[in-house]
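J.: what follows is a predicted protein model with its sequence.
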Amino acid sequence: MSEHDGVRLTAWVHGHVQGVGFRWWTRSRALELGLTGYAANRPDGRVQVVAQGSRGACEQLLLLLQSGKTPGHVDTVVVDWSPRGEAISGFTER
């Protein structure tokens with residue numbers, strides 16, 4: 001797979017990340033990086049982030065999620081990389 005094929009980053013963000021503007025912040029950063037996907041609250045308190053685009057842009061988003069400069073407090077980020085999936089339009093909060 002080349003850089004131009006694109007990838008899908010799925011990240012499960014653990015910590016105090018619900019009710020603090022985390023999904024909105026993630027959406028803004030993803031759009032700045034030209035990524036598509038979504039950020040969704042999970043019933044167990046995590047936020048699931050799915051982003052598609054270039055490997056480099058997805059890696060930048062991951063670094064931002066892990067930076068400690070997000071709303072709330074991130075304890076850990078569990079990551080899964082896969083080939084780009086079906087087309088996703090825009091980047092939404094779910």
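T.: Cool, the structure landed. Numbering: from 1, shown residues only.

J.: I'd say residue 8 and residue 88 touch.
T.: No: contact criterion CB atoms under 8 Å: residue 8 and residue 88 do not qualify, at 9.0 Å. Any C-beta I mention is one placed from the backbone N, CA and C, and that applies to glycine too.

J.: which residues do those two both contact?
T.: When contacts are counted by CB atoms under 8 Å, 6 or more residues apart in numbering, the set common to residue 8 and residue 88 consists of 37, 50, 52.

J.: the chain: strands as residue ranges?
T.: Here the chain has its strands, by DSSP state E, at 7-16, 36-41, 47-53, 73-83, 91-93.

J.: mind showing which ranges of this protein have poor pLDDT?
T.: Applying pLDDT under 70 to the chain flags the ranges 1-5.

J.: and with 90 instead?
T.: By pLDDT under 90, the weakly predicted segments of the chain are 1-5, 68, 85-88.

J.: centroid-nearest residue for it?
T.: Taking CA atoms, centre = their mean, the centroid of the chain lies closest to residue 49, which sits 3.6 Å from it.

J.: now that residue: closest residue in space, sequence neighbours ignored.
T.: Nearest non-adjacent residue to residue 49, counting by CB to CB, 6 or more residues apart in numbering: residue 11, 4.5 Å away.
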